[in-house]
Every structure is written in C-alpha cells, then in structure tokens.
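J.: This is a predicted model, with the sequence first.
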Amino acid sequence: MTELKSILDLSPAPAFLTPPPPIPESEIRETPGADVVVVGEGLAGLSCALRARQAGADTLIVTASKAPVGRGGSVFAAYSKVMAERGLPRQDLDKFLLEELEARSFQVDQRKFYRFINHSEEAIDWLIDLLRADGVDVVLEDANDDDHDSPTYQPPGTHAFVAKGVTRAGVGITFALQTLEKAYLALGGRILRAHPARRLEKDGARVCAVLAERPDGGYVRVLARRAVVLATGDFSRNREMMRCFCPQYADGFSPERADYDTGFSMGGLFQGEGHLMALWAGAAWQRTWPCAPMIQGSRVCSSLPYGSHRGLRLNARGERYCNEDMNGAYTALTTLREPGGKAYIIWASNYADDIRWRAHGGQRDGPDMTREQILANWEGQLEKGKAIRADTLEEVVDALGLPRETALAEITRYNAHCRAGSDPDFHKAPKYLQEIREAPFYGASLSDRFFFSVLGGPRTNWKLQICDAADEPIPGLYCLGSMIGDFYAGCYNFRIPGENYGACLTFGYLTGGLLGRGEL
C-alpha cells in the first residue's frame with residue numbers, strides 16, 4: 001500500500017490543501033443553529049436528518065442543491081420484509097462477503113463493512129415502512145443469478161422503488177428521497193436550499209459551525225450544538241484531487257463543474273467540497289490508496305442484468321486476452337489494460353439460444369428475454385453503430401479492423417475449446433463456452449466506458465467520525481455516503497448491486513439515530 005502521507009506531503013503541496021482566506025465577519029448575514037447540522041440532501045443526508053429528528057434532535061439540512069438529489073435507485077440490504085414476503089430464505093453470505101473483502105485486498109475497514117451488512121435489514125425495513133405509507137412500492141431488482149463461484153454472481157437483496165410513471169427497477173431513487181424529505185419536514189425539520197457549504201469552523205478542537213454561501217450573496221453561519229455531518233458526494237470532477245487520490249482513472253472523468261442538481265450522469269459528479277472542508281479542518285485522508293472508481297464497461301450483447309458480453313474477446317492485436325466470465329466493471333478494467341485500451345467481441349446468431357438472457361432493470365423472477373427481444377436488442381445496437389453484422393467471420397474481423405490471420409486463428413482455437421467443453425488457455429467454466437458457429441455473425445468494440453463516481457475520502461472510524469492523522473476523532477465532525485474513507489478498495493465492482501446506496505441508507509439511519517439521542 002502506498003503511504004498516503006508521502007502523497008499529501010508532496011513538495012510543493014497540492015494546491016487544494018491550502019484553505020482559502022477566512023470569510024470576513026462582515027459577510028455573515030445570519031446565524032441559525034441546530035443540534036445536528038447535515039450538509040447534503042441525498043439518501044445518506046436525508047436518512048441521517050430524519051432519524052435525528054425522529055429521535056428528538058433539532059436538525060437542519062444545509063444543501064447546495066435546490067431539491068433532493070439522487071441517481072439510479074438500487075439499494076442493497078442483506079435481508080428485508082420484502083424478501084420475507086416473497087418467500088426468499090435468508091442467505092448464508094459469509095463466504096461471499098469474504099470473497100468481497102478479498103476483492104478489496106482486505107484494504108478496507110471491516111468494522112464498517114460488517115456494520116453495514118449487519119444493520120442493513122433494520123435500515124431498509126424502516127425505509128420500506130415509510131415508502132409504503134407514502135404509496136411507493138418496494139420491489140426486488142433482478143440481479144446476476146449465476147453460479148455462486150462466478151465473479152458475475154450477485155446475491156439477492158437489491159431493492160428498488162416503483163410508483164406511478166416508473167416501473168423499471170433501479171431508477172426510482174427520487175421516490176425514496178421525496179418520501180424521506182416529506183417525513184422530515186412533517187416533523188419540523190429545516191432545510192437551507194441552494195446554500196453550498198464552504199468552510200467549517202472550530203471552537204478549539206471541536207467543529208462547531210458550517211459557513212454556507214447564500215444564493216443572494218453573503219454567508220450564513222450555521223451553528224452545530226452537537227455535530228456536523230458531511231454528506232456532500234464525491235470529488236470526481238476535481239482533476240487535482242483525482243490526480244492525487246485516483247490517478248489511474250483521472251482522465252476518464254470530466255474536470256468541468258457539474259450542476260449541484262444533476263441527476264444520473266456520466267463523466268463524474270462533484271468537486272469534493274466536503275472532502276476539502278474536512279481536510280482544512282484537520283482531517284487525515286483514508287489509508288486505502290487509490291480511491292475506488294465506479295465505472296462500467298460496454299453492455300453490448302450482455303446477457304446478464306449487471307453483465308457484459310461473456311463470449312470471445314480479442315484485443316487490437318487479434319489475441320484473446322482473458323477469461324470472459326466477468327461483469328461490466330471488470331470488463332472496463334481489463335479492457336483499459338490492453339493495447340490502446342481497446343478490445344472487441346465476436347459472436348454468432350446461435351448465441352441467442354445457447355444461454356439465458358435477462359434484461360437490465362427488470363424485477364426479480366420476471367420473464368427471461370425472448371429470442372425476438374434479444375434479436376431486437378442486437379438490431380438496435382446495429383442501428384446505433386455499436387455493432388456490425390456480416391455473413392462470414394472474415395467480414396466481421398475485417399470490419400473491426402483486426403489482423404485477419406491472428407483473429408481467425410483465435411476464433412478457430414476458441415471454437416475448438418467450446419466443442420471440447422474445456423478452456424486450457426483461460427479456464428473459463430464449460431457452461432460459458434458457446435461456439436461461434438451460425439451465420440450471420442456479429443462483432444463490436446468494447447471501447448465504451450462509463451465513469452460515474454469515485455468513492456472514498458477522509459479517514460473515518462466505524463462510528464463515522466472523521467479522524468486526524470493520529471486516528472483521533474475530530475470532535476463534532478462526521479461523514480456519510482461516498483465520502484466515507486476505507487470502505488471501498490480497488491474499484492466499485494457491482495457484485496453487491498446497490499451497495500453504495502445501501503451503505504448511504506444504513507449509515508445515515510444509524511448515525512442519525514445515535515446523534516439524535518445524544519449517544520455519539
């Protein structure tokens with residue numbers, strides 16, 4: 001593991017470590033206060049604020065956005081009343097969870113990891129009750145129901161929200177946000193909208209206030225009698241921070257500032273305002289380096305809800321380069337490491353019949369895709385220019401620009417493995433070896449990569465307190481959501497679909513309750 005101290009002690013120091021000049025007292029227009037001040041109005045911030053208010057704490061949300069903001073809508077929990085109602089038994093997740101820690105090279109704080117898993121049922125059931133009372137249905141999203149030992153496997157437990165106008169699973173987070181905000185306001189919770197937080201203030205060692213910019217000029221000093229909770233999103237559009245904390249993928253994210261009200265988007269989200277405020281207040285950075293990107297690879301000809309094409313893959317030299325049994329996130333990572341960051345897929349018409357096809361965004365136990373739907377999907381990719389079709393493999397290889405002799409030899413070798421039911425080159429499971437045999441044939445590039453977010457930030461203990469370089473909590477300062485340090489490592493691999501929002505909900509629920517009761 002790279003010593004992060006050496007990164008933050010670069011000479012000259014990164015410019016973002018230097019706090020801006022103090023805000024003059026003459027610029028402070030008002031000074032409201034609350035027991036708990038939550039900065040940010042996404043799922044984590046709203047869950048925390050509502051729970052604190054339910055526990056009796058005077059609570060105030062300070063948010064840069066004009067309304068609650070979220071993206072997607074997949075929320076994971078290890079179990080729930082919805083799963084029980086569907087007759088799903090509790091899963092033994094112990095082996096799977098250890099595999100997830102292995103995928104993160106054990107570079108994460110297991111206290112936070114298992115705290116999320118152990119309390120996720122309690123949190124999702126709390127949200128389910130709120131949503132049902134508000135007329136929103138909670139369903140289970142379809143996942144990769146695959147061999148448990150496959151890296152594409154996902155356990156059941158991904159919840160989604162549907163209501164009038166939205167029936168596709170995984171896109172209804174706005175329903176949850178609206179319900180949470182409605183419940184919060186009904187209990188007398190307060191919100192300062194369009195007030196981007198700029199600085200934290202301390203009384204000695206303790207963080208005691210947030211300075212936020214008013215939409216009409218000047219600043220408001222929000223006094224926090226008990227705690228400030230930062231839930232301000234990621235830093236993916238801060239190019240300097242990306243170069244320091246996630247350099248391998250910095251160029252994949254746009255440095256252009258995003259609107260605070262942006263919904264689902266690609267290219268990154270925010271510029272790390274909460275991270276910077278924490279650093280200026282004395283926070284250390286997480287130990288895990290680099291931070292984990294949330295990226296996905298091409299979904300052309302994917303047969304799984306969270307998958308990528310699992311047939312033959314060739315790099316720009318026409319060579320097969322991997323075991324293709326992987327999901328979209330791992331597809332992006334492996335493709336980026338090939339010459340020129342390019343790779344290609346080749347399949348045949350029989351692929352539609354040889355494997356099971358499940359659509360992304362469907363509900364659990366819904367119908368498989370029909371052959372007509374599969375072919376229509378391929379046709380749509382052809383119309384978008386994402387795929388090509390030809391009567392011969394030679395034509396496909398030439399259209400993709402691959403070296404003909406090498407590529408055709410690899411196809412011949414791969415087909416022989418498929419017929420033999422054994423892959424001595426990359427040891428792919430026999431059930432995933434589908435021969436490329438029936439014309440017409442298809443090909444596509446795997447060059448599409450979608451960069452969503454970056455996860456990680458200030459050093460954070462299991463109580464979600466932000467800590468200094470000596471691992472001592474900074475009194476009065478907490479964080480939630482994608483800011484939490486040492487919770488992810490490597491990449492966000494989507495093996496637990498909805499883990500990010502599940503952690504936002506669970507940690508917001510727990511932290512808000514504890515702060516509201518004065519137990520933290």
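T.: Here it is on my side, so go on.

J.: what about the nearest residue to Ala316 once chain neighbours are set aside, neighbour count?
T.: Among residues not flanking Ala316 along the chain, Lys342 sits closest, at 4.5 Å (CB to CB, 6 or more residues apart in numbering). (Glycine included, C-beta is placed from N, CA and C.) Applying other CB atoms under 10 Å, we find 17 other residues in the vicinity of Lys342.

J.: what's the answer for Leu60, then?
T.: 23.

J.: residues in contact with it?
T.: Pro32, Gly33, Ala34, Val36, Val37, Val38, Gly189, Arg190, Ile191, Leu192, Val222 (CB atoms under 8 Å, 6 or more residues apart in numbering).

J.: buried stuff in the host helix or strand of the fifth one?
T.: Read it as Val37. Taking DSSP states H and E as the criterion, Val37 maps to strand 33-39. Judged by neighbour count using 16 or more other CB atoms under 10 Å, the buried positions of strand 33-39 are Ala34, Asp35, Val36, Val37, Val38, Val39.

J.: any idea how far Arg225 is from the fourth one?
T.: Meaning Val37. Here Val37 is placed at a distance of 9 Å from Arg225 (CB to CB, to the nearest Å).

J.: and if you look at Lys182?
T.: Per CB to CB, Lys182 is found 26 Å from Arg225.

J.: can you list the domains in the protein?
T.: Per automatic domain parsing, the structural domains of the chain span 37-291+452-516, 299-447.

J.: Minimum distance to Pro24: which of those domains has it?
T.: domain 37-291+452-516 (9.2 Å; CB to CB).

J.: next helix or strand past the helix or strand of the chain with the lowest mean pLDDT?
T.: Ranked by mean pLDDT, DSSP states H and E, the weakest helix or strand in the chain is helix 4-8, scoring a mean of 55. As assigned by DSSP H and E, the chain's next helix or strand after helix 4-8 is strand 28-30.

J.: What are the buried residues along the lengthiest helix in the chain?
T.: The longest helix of the chain (DSSP state H) is helix 110-133. Buried residues in helix 110-133, counted by 16+ other CB under 10 Å: 112-113, 115-117, 119-121, 123-128, 130-131.

J.: Pick out whichever of the residues you listed sits closest to Arg206.
T.: The nearest member of the buried residues of helix 110-133 to Arg206, counting by CB to CB, is Lys112 at 23.2 Å.

J.: Hmm, Ile484 and that closest one touching each other?
T.: Yes - look at Lys112 against Ile484 with CB atoms under 8 Å: they come within range, at 7.0 Å.

J.: so where do the helices sit in the stretch 151-300 of the chain?
T.: 173-186, 239-245, 273-280 (DSSP state H, counting those that start in this stretch).

J.: packing partners for the last one?
T.: Put plainly, it is helix 273-280. Contact here means 3 or more CB pairs under 8 Å, 6 or more residues apart in numbering; DSSP states H and E; on that basis helix 273-280 packs against strand 197-203, strand 219-230, strand 473-479.

J.: try the shortest one
T.: Using 3+ CB pairs under 8 Å, 6+ apart as the contact criterion, the elements in contact with helix 239-245 are helix 4-8.

J.: tell me, how many neighbours does Ala444 end up with?
T.: If you count neighbours by other CB under 10 Å, Ala444 ends up with 25.

J.: err, Thr406, not the other one
T.: 15.

J.: Dihedrals phi and psi, it?
T.: phi -70, psi -50 (degrees, to the nearest 10).

J.: Generate TSV for the helices and strands packed on helix 273-280, with distance to Asp137 and mean neighbour count as supplementary columns.
T.: Formatted as TSV, those follow (distance: least, CB to CB, whole Å; neighbours: other CB atoms under 10 Å):
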stretch	distance to Asp137	mean neighbour count
strand 197-203	35	19
strand 219-230	30	24
strand 473-479	32	24
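
J.: Quick one: closest of those strands to Glu519.
T.: strand 219-230 (10.7 Å).

J.: Would you check that Leu520 makes contact with Ala55?
T.: No - in this structure, Leu520 is not within contact of Ala55 by CB under 8 Å, at 11.2 Å.

J.: Just name the closest of the buried residues of helix 110-133 to Asn461, please.
T.: Lys112 (8.2 Å).

J.: where does the closest one land on pLDDT?
T.: Note for Lys112: predicted pLDDT of 98.

J.: how much space is there between it and Asn500?
T.: 13 Å.

J.: ok, back up a step: dump the helices and strands packed on helix 273-280 to TSV, plus distance to Ser349.
T.: Converted to TSV, the helices and strands packed on helix 273-280 look like this (distance: least, CB to CB, whole Å):
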stretch	distance to Ser349
strand 197-203	56
strand 219-230	53
strand 473-479	51
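
J.: just checking, Val37 touches Ala231?
T.: No - using CB under 8 Å, Val37 is not in contact with Ala231, being 11.0 Å away.

J.: For the residue nearest to Tyr260 when sequence neighbours are not counted, what are phi and psi?
T.: The spatially closest residue to Tyr260, leaving aside those adjacent along the chain, is Ala64, at 4.1 Å (CB to CB, 6+ apart). Dihedral pair for Ala64: phi -80, psi -20, per degrees, to the nearest 10.

J.: check contacts around Ala64.
T.: With CB under 8 Å, 6+ apart, Ala64 has these contacts: Gly40, Ala194, His195, Pro196, Ala197, Thr232, Tyr260, Glu273.
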